[in-house]
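Novice: Here you go, sequence then predicted model.
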Amino acid sequence: MAVVLIIVGLMVGFGASLTRPLYERSKRIETRETVKAAVESVTGYAVSNNSSLPNTSQFPGTIKKQNDSWRKPINYIYDSNLNSNICGRKTTHITVRRCENSACSTYTDVSDVAYMIVSGGANYNNQTIGNLAVAAAATINVYNVGLSVDNYNGDFVRAEEYDDIVEWVTLNELRSKIGCQGPQLNIINNDLPYGKVGSFYDIRIYADGGIPFTSGGDFKWCVKGTLPPGITPTPGTPACPSSTGCSALGTEAASQWSQANNLQINGTPTATGTYFITVLSRDNNDNNTGTANDNCAQKNFVITVNP
């Protein structure tokens with residue numbers, strides 16, 4: 001009887017040692033599916049709500065399961081600028097840094113991330129970041145599972161093995177899933193009409209898409225090339241900077257552009273000829289903080305003035 005009891009005890013102990021890892025593995029698989037489902041739900045919200053992401057308060061009602069397998073809340077990190085007009089955006093504030101070691105001295109960056117979904121994992125400790133509406137440039141570290149990492153969220157202040165379950169979607173991926181088509185900013189006009197010497201000429205050039213300015217006109221404009229004598233742009237748009245065009249936005253001052261809903265070219269031409277111009281338009285993707293990441297569109301036009 002004693003031998004039988006010893007054997008039974010060994011078998012129970014061995015079974016228990018196998019059960020725990022299998023239990024944790026099943027929890028992790030279940031949570032990963034929950035996180036992926038949350039990703040699909042957030043993207044679905046954007047598709048159904050005019051290209052806008054849910055905000056922090058709307059997020060819990062967007063997903064089916066609000067907690068992971070360890071009954072801890074699912075966390076949501078997103079760029080607050082994407083509450084509207086996702087298709088017009090060119091960049092986001094979020095960069096995910098994929099760290100290869102605990103000090104994160106070796107890493108790979110994923111830029112222009114639209115949103116992230118995070119579970120704290122089996123240790124109940126969210127070591128990535130909690131719910132957050134990102135309104136300024138931010139780099140969020142994500143580590144390889146098993147690395148010893150200090151806590152970031154404040155639940156338990158200690159270093160422990162990183163086991164967070166994290167998924168993210170970049171802006172380009174989100175734009176593709178929403179079905180955004182064409183460039184973020186586009187000049188609508190395809191060509192300009194003929195002019196006639198001594199006859200008043202009046203045409204407006206329009207842009208569409210992008211991120212319009214909130215006041216003072218939707219877009220900023222400038223003109224390269226030579227307009228026919230007697231014809232000027234309105235509002236008093238200065239000549240474009242000496243750069244090659246949209247590719248040099250980061251080096252150009254905002255004062256070198258004029259702002260209006262559309263660009264008006266009018267006046268009474270005084271000389272015949274064929275005149276070549278390039279019209280540039282840019283938007284407010286950088287939210288008045290600069291120009292480098294603004295959407296920019298340019299198009300070449302010909303104005304022919306007949307006798």
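Specialist: Okay, I see it. Residues are numbered from 1 along each chain as shown.

Novice: What segments of the stretch 51-200 of the chain are strands?
Specialist: Secondary structure of the stretch 51-200 of the chain, counting by DSSP state E, counting those that start in this stretch: strands at 75-79, 94-99, 107-119, 132-134, 138-143, 148-149, 160-161, 165-170, 185-187, 195-196.

Novice: Please list the outside residues in contact with the fifth one.
Specialist: The reference is to strand 138-143. If you take C-beta atoms under 8 Å, 6 or more residues apart in numbering as the criterion, strand 138-143 is touched by 77, 93-99, 102, 104, 107, 109, 113, 116, 127-129, 149, 152, 162, 164, 166. C-beta coordinates here come from the backbone N, C-alpha and C atoms, glycine included.

Novice: Measure how far that strand is from the centre of its chain, please.
Specialist: 16 Å (C-alpha atoms, centre = their mean, to the nearest Å).

Novice: before we move on, back to that, could you export the strands of the stretch 51-200 of the chain as a markdown table, including mean pLDDT and distance to Thr237?
Specialist: Shown next, in a markdown table, are the strands of the stretch 51-200 of the chain (pLDDT from 0 to 100; distance: least, C-beta to C-beta, whole Å):
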| stretch | mean pLDDT | distance to Thr237 |
| --- | --- | --- |
| strand 75-79 | 96 | 32 |
| strand 94-99 | 96 | 35 |
| strand 107-119 | 96 | 31 |
| strand 132-134 | 93 | 35 |
| strand 138-143 | 95 | 36 |
| strand 148-149 | 88 | 53 |
| strand 160-161 | 88 | 59 |
| strand 165-170 | 96 | 35 |
| strand 185-187 | 93 | 14 |
| strand 195-196 | 96 | 18 |
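
Novice: Break the chain into its domains for me.
Specialist: 49-178, 185-306 (automatic domain parsing).

Novice: Mind putting the strands of the stretch 51-200 of the chain into CSV with mean neighbour count and distance to Thr226?
Specialist: CSV is the format used below for the strands of the stretch 51-200 of the chain (neighbours: other C-beta atoms under 10 Å; distance: least, C-beta to C-beta, whole Å):
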stretch, mean neighbour count, distance to Thr226
strand 75-79, 25, 42
strand 94-99, 19, 43
strand 107-119, 20, 38
strand 132-134, 19, 45
strand 138-143, 18, 45
strand 148-149, 17, 61
strand 160-161, 14, 67
strand 165-170, 20, 42
strand 185-187, 20, 19
strand 195-196, 20, 14
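
Novice: To Gln256, which of those lies closest?
Specialist: strand 185-187 (17.8 Å; C-beta to C-beta).

Novice: Show residues contacting that closest one.
Specialist: Against strand 185-187 from outside (C-beta under 8 Å, 6+ apart): 88, 205-210, 219, 279, 281-283, 295-299.

Novice: follow-up on the earlier one: distance to Val35 added to the domains of the chain, as a markdown table?
Specialist: Listed next are the domains of the chain as a markdown table, based on distance: least, C-beta to C-beta, whole Å:
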| stretch | distance to Val35 |
| --- | --- |
| domain 49-178 | 5 |
| domain 185-306 | 29 |
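
Novice: Filter the contacts of strand 185-187 down to the buried ones, PyMOL style.
Specialist: Command for PyMOL that selects the buried part of these, burial taken from 16 or more other C-beta atoms under 10 Å:
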select buried, resi 88+205+207+208+209+210+219+279+281+282+283+295+296+297+298+299
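
Novice: Show me the strands in the stretch 201-307 of the chain, by range?
Specialist: Going by DSSP E, counting those that start in this stretch, the stretch 201-307 of the chain shows strands at 201-205, 207-209, 219-225, 231-234, 258-260, 263-267, 273-282, 296-306.

Novice: and those strands as JSON lines, adding mean pLDDT?
Specialist: Formatted as JSON lines, these follow (pLDDT from 0 to 100):
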{"stretch": "strand 201-205", "mean pLDDT": "96"}
{"stretch": "strand 207-209", "mean pLDDT": "92"}
{"stretch": "strand 219-225", "mean pLDDT": "90"}
{"stretch": "strand 231-234", "mean pLDDT": "90"}
{"stretch": "strand 258-260", "mean pLDDT": "90"}
{"stretch": "strand 263-267", "mean pLDDT": "94"}
{"stretch": "strand 273-282", "mean pLDDT": "94"}
{"stretch": "strand 296-306", "mean pLDDT": "95"}
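
Novice: Compare the ones you listed and give me the one nearest Ala133.
Specialist: Nearest to Ala133 among these is strand 207-209 (24.4 Å), distances taken as C-beta to C-beta.

Novice: Mind listing the strands that closest one pairs with, and their directions?
Specialist: According to DSSP bridges, strand 207-209 forms sheet pairs with strand 185-187 (antiparallel).

Novice: ok, now which ones touch Ile231?
Specialist: Taking C-beta under 8 Å, 6+ apart, we find Ile231 in contact with 195, 201, 265-269, 303.

Novice: Quick check: phi and psi at the spatially most central residue of the chain.
Specialist: Nearest to the geometric centre of the chain sits Thr92, at 3.4 Å (C-alpha atoms, centre = their mean). In terms of degrees, to the nearest 10, the main-chain angles of Thr92 are phi -130, psi 170.
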